[in-house]
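Chemist: Take this sequence and fold it.
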Amino acid sequence: MSKRVKRVCELIHRELGQIVQKEIDFHGVFVSIQGVDITPDLKQCHVFIGVIGSPRDEAKVLEIFEKKRRLLQSRLSKRVVLRYTPILHFKIDHSIERGVQTLNALQAVDELPTAPLEDAEDEEKGEQEK
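Modeler: The predicted model follows:
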């Protein structure tokens, strides 16, 4: 990915996040723009959305984004000046859920009982004497 495409991605990510925060109400569901990926010709833009909630909430949020696509593209065209305003495609990003699951698994491993060190050292001495 070229430097220009990366800069455009970062700019769209930042501006779209601000637009979504001001323009759209998700009725108590936490929604964030996780990332943006744009094609090299800058005409198509994939927006990855993080949703904390149930699968039903994810479907509702995706539906809201699809309904508000024209509004978002219009607002984005006023904030980000490009020859063509990219067409926005929305996708749910499950990386937040995977991260929470990973942290929970690590925490569960930390809470597992461990063998006392003294017993382990005694066993090693006994094996060496044999």
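Chemist: From now on I want contacts and neighbour counts done on CA atoms only, so please keep to that.
Modeler: Will do.
Chemist: List the buried residues of the one helix or strand residue 78 maps to.
Modeler: Per DSSP states H and E, residue 78 falls inside helix 69-79. For helix 69-79, a neighbour-count test (16 or more other C-alpha atoms under 10 Å) marks 69, 72-73, 75-77 as buried.
Chemist: What segments of this protein are helices?
Modeler: Assigned by DSSP state H, the chain shows helices spanning 3-23, 55-67, 69-79, 95-110, 117-129.
Chemist: Which elements pack onto the second one?
Modeler: Taking 3 or more C-alpha pairs under 8 Å, 6 or more residues apart in numbering; DSSP states H and E as contact, the helices and strands that helix 55-67 lies on are strand 44-52, strand 87-92.
Chemist: quick one: which of the helices of the chain is nearest residue 46?
Modeler: Nearest to residue 46 among the helices of the chain is helix 3-23; the distance by C-alpha to C-alpha comes to 9.8 Å.
Chemist: I'd like to check what contacts that closest one. Which residues are they?
Modeler: If you take C-alpha atoms under 8 Å, 6 or more residues apart in numbering as the criterion, helix 3-23 is touched by 32-33, 35-38, 40, 42, 72, 75-76, 79-80.
Chemist: Quick check: the two most widely separated of the residues you listed?
Modeler: Largest separation among these by C-alpha to C-alpha: 32 and 40, giving 24.2 Å.
Chemist: dump the residue contacts of the residue nearest the centre of the chain.
Modeler: Nearest residue to the geometric centre of the chain (C-alpha atoms, centre = their mean): residue 34, 3.7 Å. By C-alpha under 8 Å, 6+ apart, the residues touching residue 34 are 47-50, 93.
Chemist: Now for the nearest residue to residue 30 once chain neighbours are set aside: which residues touch it?
Modeler: Nearest residue to residue 30, sequence neighbours excluded (C-alpha to C-alpha, 6 or more residues apart in numbering): residue 52, at 5.5 Å. If a contact means C-alpha under 8 Å, 6+ apart, then residue 52 has 29-31, 96-97 as its contacts.
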